[in-house]
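Quick one, what's the 3D model for this:
(chains A and B, ligands or ions: 2)
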Amino acid sequence: MAGYVIRRFLSLIPLLFILSIVVFIIIELPPGDFLTVYIEQLKSSGVLISEEEIARLVKQYALDKPLHIRYITWIKNIILHGDFGRSFRWNRPVVELIKERVALSAVISLFSIVFVWIIGVSIGIYSAVKQYSMFDYIFTFIGFIGVSIPGFLLALLIIWFAYTKFDIYISGLFSQQFVDAPWSLAKVLDMLKRIWVPVIIIAVSGIAGNIRTMRANLLDELRKQYVTVARAKGLSETRLLIKYPIRIAVNPMISTIGWTLPAIFSGESLASIILNLPTIGPLLMQALLAQDMYLAGSLILIMGALTLVGTLISDILLAWADPRIRYGNTGGK
Amino acid sequence: MGDNVLLEVKNLRTYFFLDEGVVKAVDGVNFKIEKGKTFGVVGESGCGKSITAQSILRILPPRGEIVEGEIIFYRDDGSVDLVKLDPKGQEIRDIRGKEVAMVFQEPMTALAPVYTIGDQIIEAILLHQNVTKEQARKIAIDLLGRVGIPKPEERVDAYPFELSGGMRQRAMIAMAISSNPSLLIADEPTTALDVTIQAQILDLIKNLQKEMGMATMLITHNMGVIAEMADDVAVMYLGKIVESGPVNEIFYNPKHPYTVALLKSIPKVGKKVKGRLESIEGMVPDPYNLPTGCRFHPRCPSYVEGTCDKAEPPEIEITTGHKVSCFLYGGR
Ligand SMILES: Nc1ncnc2c1ncn2[C@@H]1O[C@H](COP(=O)(O)OP(=O)(O)OP(=O)(O)O)[C@@H](O)[C@H]1O
Ligand SMILES: [Mg+2]
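Ligands and ions are numbered 1, 2, ... in the order given. This is a model prediction of the structure:
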């Protein structure tokens, strides 16, 4: 097991390297370097920038140096100083912008993930165990609808419904008076009052997906011989279900846990954009639209890295849960 | 017979209620298993052998139901009708694995992949015996040794995928005999194994049976296995027992045309071995639309029109214990 973990960790290094190259290319893609754009922008708004300031920035980002030096400077700034560059659109360091939003993204995502897993998996289990029951039919149908409706459509529907029926305009995560207010208990309470809308919207498709996956996995497992064997031993039905088929049916889902890591960071983008939430997803979209390349590149880099790390976590969890993988025997003899 | 009966099945009917129709998997089956003896059940694929066995333990798949009949299990302190028990209740669960244990056809999938074989055997021991975990582990190691697994102290911690099919089946047998059952149901215990290993496993079952004095219900489609192992035999065809009796009667004095055909299909030395029971003409009929009258009549070489397709043949006792359901021997 230890050897496996170390091997997987080492394999992360070249992957992260490739990711950083790709992101660097993305950053360099638009014509002209960011400084030129930055200076243009300042000029057009009537602000003059000093020669010293320009020289300092040129040096900091190695803009006068060839490509590979620029890459090394960029990645060194990130790794050694946590400096992801500047967003010229916001005229602020990228790190600051991310810090501001990442907590909210995480809160919304974590809430929805807890919902998705607890509700999705339990309903999936119950549906499979009670296959052909009314409950199963109803939730299979709901699950089908849930995965078919895109999150943004659901968001629009809920906004429209709340607006026409209750005359409430659901937008953003805070009431008007709290948007720019500093954090306080009242602001947190205000947020908790509004947070369920995005949480539900984001969770619905996840729950539906988990119901379907769990139900299908478990139905497959329930048909297997070892379940009958366990029953023939004299185990009680509940103990048997938990110890054997459910335990095994959850295994493949463990491999998706890791992918929730980038999702926690970004939040569900489309729904967030429509609901006007101050999370990372909309930030990335705006950055891409405005060719705010250091910001966009940084966000992509972080999400990519989180995906890699998440996959690693999944793999390790899966190996821990399933001896067949731990022992490097994937196909079975 | 008489006092020596361990299990008596009377008029058992187990049906599957599916959207496509009702499958009468077991349709009026009668037999007795004597203490310490081997009762062989033979028949083509799909004739209801496994469902009969699963009815006894009340571990039928979803949608399968016992609609009629009794399954009387005799103990020293009285008898119990297994059909009357709640399939999820404590009473049947105390019988499962302890008094009636089962070995299955597919050793590759019969053990759960994520637990060691020791874990799965110890679980069975702890369930039925009053011992500590350490004692249960010792018992498990001892059992693995008894079923012929080399280095049992090491293998007890092996995962199923680390063992060959034959070794897994041995582990399954160790689990099944862990609580000294009085009846071992072996549902095609060797079908999935290589021929040489088949013989070893059958020998193992035979020896354990002698040592422990347990009865065995041995299910197979191989008449050769029956000849080697069984004391009494029941021949099943489409949910019914068409002929039953002591093994010598069945082999040397077969009455039912189906039994005769089965016996002809035993591969002889020097003859090319074909597939399963291939020499019987025709296909097994569709389970949703069983033939009227005698179910074997569409494939029967001795078919009598107007008789065999009109009524079901009654069971006739030819000699003591040798019963056959066929109009050739009366009941017209
Ligand atoms: N889970 C199930 N659902 C529906 N029908 C079933 C199910 N299991 C068995 N049957 C039906 O019951 C009948 C008897 O099946 P059974 O498994 O007892 O056959 P078998 O004699 O054990 O055959 P084999 O030699 O292939 O194991 C078959 O017609 C089969 O189609
Ligand atoms: Mg079978």
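
So which bits of chain B are right by chain A?
Counting by C-beta under 8 Å from any C-beta of the partner chain, chain B comes close to chain A at B:54, B:57, B:59, B:61-63, B:88, B:93-98, B:101-102, B:104-106, B:108-114, B:123-124, B:127-128, B:159, B:161-162, B:164, B:172, B:175. Every residue, glycine included, has its C-beta placed from N, CA and C.

So which of those sit within strands?
Using DSSP state E, the subset of the residues of chain B next to chain A located in strands is B:101-102.

ok, of the residues of chain B next to chain A, which come out buried?
B:54, B:57, B:59, B:93, B:95-98, B:101-102, B:104-106, B:108-114, B:123-124, B:127-128, B:159, B:161-162, B:172, B:175 (16 or more other C-beta atoms under 10 Å in any protein chain shown).

quick one, strands of the stretch 51-200 of chain A?
A:86-87, A:92-93 (DSSP state E, counting those that start in this stretch).

and what of chain B?
B:5-18, B:21-34, B:38-42, B:64-75, B:78-81, B:100-103, B:183-187, B:215-220, B:232-237, B:240-246, B:315-319, B:322-325.

need the contact list for B:V235.
B:V235 makes contact with B:42-43, B:241-244, B:250, B:256, B:258-259, B:262, according to C-beta atoms under 8 Å, 6 or more residues apart in numbering or on different chains.

Of the residues you listed, which one scores lowest on pLDDT?
Least confident entry in those, by pLDDT: B:L262, with 89.

Quick one: neighbours of it, just the number.
B:L262 has 25 neighbours, counted by other C-beta atoms under 10 Å in any protein chain shown.

any idea how far it lies from chain A?
Distance, B:L262 to chain A, using C-beta to the nearest C-beta, to the nearest Å: 27 Å.

if I look at that residue, how far off is B:S45?
The spacing between B:L262 and B:S45, counted by C-beta to C-beta, to the nearest Å, is 13 Å.

What does the residue in the stretch 101-250 of chain B positioned nearest to ligand 1 show for phi and psi?
Residue of the stretch 101-250 of chain B nearest ligand 1, by C-beta to the nearest ligand atom: B:H221 (5.5 Å). The phi/psi pair for B:H221 (degrees, to the nearest 10) reads phi -110, psi 20.

buried set for stretch A:203-219?
Buried residues in stretch A:203-219 (16+ other C-beta under 10 Å): A:203-215, A:217-219.

From these, pick the one nearest ligand 1.
A:L219 (12.7 Å).

What number of residues are in the vicinity of B:E243?
27.

spatially speaking, which residue is in the middle of chain A?
Geometric centre of chain A, nearest residue: A:A263, 0.7 Å, by C-alpha atoms, centre = their mean.

Figure out how far stretch A:126-140 is from the centre of its chain.
30 Å (C-alpha atoms, centre = their mean, to the nearest Å).

Is it in proximity to ligand 1?
No: judged by C-beta under 6 Å from any ligand atom, stretch A:126-140 stays clear of ligand 1, getting no closer than 12.0 Å.

Residues touching that stretch, excluding its own?
Applying C-beta under 8 Å, 6+ apart, the contact partners of stretch A:126-140 are A:123, A:211, A:214-216, A:218-219, A:222, A:241, A:249, B:62-63.

And for stretch B:202-216?
With C-beta under 8 Å, 6+ apart, stretch B:202-216 has contacts from B:6-7, B:33-39, B:146-148, B:170, B:173, B:177, B:180-186, B:189-190, B:218, B:225, B:228-229.

Could you write out the alpha-carbon coordinates of it in CSV?
Backbone C-alpha positions of stretch B:202-216 (Å, rounded to 0.1, in the frame of the first residue of the first chain) are rendered in CSV as follows:
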residue,chain,number,x,y,z
LEU,B,202,-15.9,-34.8,-5.0
ASP,B,203,-13.5,-37.0,-3.0
LEU,B,204,-13.2,-34.3,-0.4
ILE,B,205,-17.0,-34.0,0.0
LYS,B,206,-17.3,-37.8,0.2
ASN,B,207,-14.6,-38.0,2.9
LEU,B,208,-15.9,-35.2,5.0
GLN,B,209,-19.4,-36.7,4.8
LYS,B,210,-18.1,-40.0,6.1
GLU,B,211,-16.1,-38.3,8.9
MET,B,212,-18.9,-36.0,10.0
GLY,B,213,-21.9,-38.2,9.3
MET,B,214,-23.8,-35.4,7.4
ALA,B,215,-26.3,-36.0,4.7
THR,B,216,-25.6,-34.4,1.3
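
can you tell me the residue of the stretch 151-300 of chain B closest to chain A?
The nearest approach of the stretch 151-300 of chain B to chain A comes at B:Y159, 4.8 Å away (C-beta to the nearest C-beta).

What are the structural domain limits within the chain?
Unless you meant another one, I'm taking chain A. Domain ranges of chain A: A:20-94, A:103-330, per automatic domain parsing.

oops, I was thinking of chain B
Following the assignment in the TED database, chain B carries domains at B:101-180, B:259-325.

Quick one: end-to-end length of the shortest one, please.
Spelled out, that is domain B:259-325. Start-to-end span of domain B:259-325 (C-alpha to C-alpha, to the nearest Å) is 11 Å.

Over to the longest one?
Using C-alpha to C-alpha, the end-to-end distance of domain B:101-180 comes out at 9 Å.

State the mean pLDDT of it.
For domain B:101-180, mean pLDDT rounds to 94.

looking at it, B:A25 is touching B:G64, isn't it?
Yes: here B:A25 lies in contact with B:G64, judged by C-beta atoms under 8 Å, at a distance of 7.0 Å.

before we move on, the earlier item: so what's the residue nearest to the centre of chain A up against?
So A:A263 contacts A:109, A:113 (C-beta under 8 Å, 6+ apart).

Next to ligand 1, which bits of the stretch 101-250 of chain B? Give me the list.
By the rule C-beta under 6 Å from any ligand atom, the part of the stretch 101-250 of chain B lying against ligand 1 is B:H221.

Pull up the overlap in contacts between B:A25 and B:G64.
Overlap of the contact sets of B:A25 and B:G64 (by C-beta under 8 Å, 6+ apart) consists of B:14-16, B:51.

which regions of chain B lie under the pLDDT threshold?
By pLDDT under 70, the weakly predicted segments of chain B are B:1-2, B:267-282, B:332.

In it, which helix is the longest?
Longest helix in chain B by number of residues (criterion: DSSP state H): helix B:195-212.

mind checking how far that one is from the chain centre?
Counting by C-alpha atoms, centre = their mean, helix B:195-212 comes out at 15 Å from the chain centroid.

Quick check: buried residues in that helix?
Result for helix B:195-212 [16+ other C-beta under 10 Å]: buried residues B:197-198, B:200-202, B:204-205, B:208-209.

on that earlier part again, just the contacts of stretch A:126-140 that are near ligand 1?
B:R63.

In TSV, list the contacts of stretch A:126-140 along with distance to A:L67 and secondary structure.
Converted to TSV, the contacts of stretch A:126-140 look like this (distance: C-beta to C-beta, whole Å; DSSP: H, G, I helix; E, B strand; the rest coil):
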residue	distance to A:L67	secondary structure
A:I123	53	helix
A:I211	49	helix
A:M214	48	helix
A:R215	52	helix
A:A216	49	helix
A:L218	53	helix
A:L219	54	helix
A:L222	57	helix
A:L241	59	helix
A:A249	50	helix
B:P62	64	coil
B:R63	68	coil
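
Verify the contact between A:K233 and B:I125 for me.
No: using C-beta under 8 Å, A:K233 is not in contact with B:I125; the gap is 9.9 Å.
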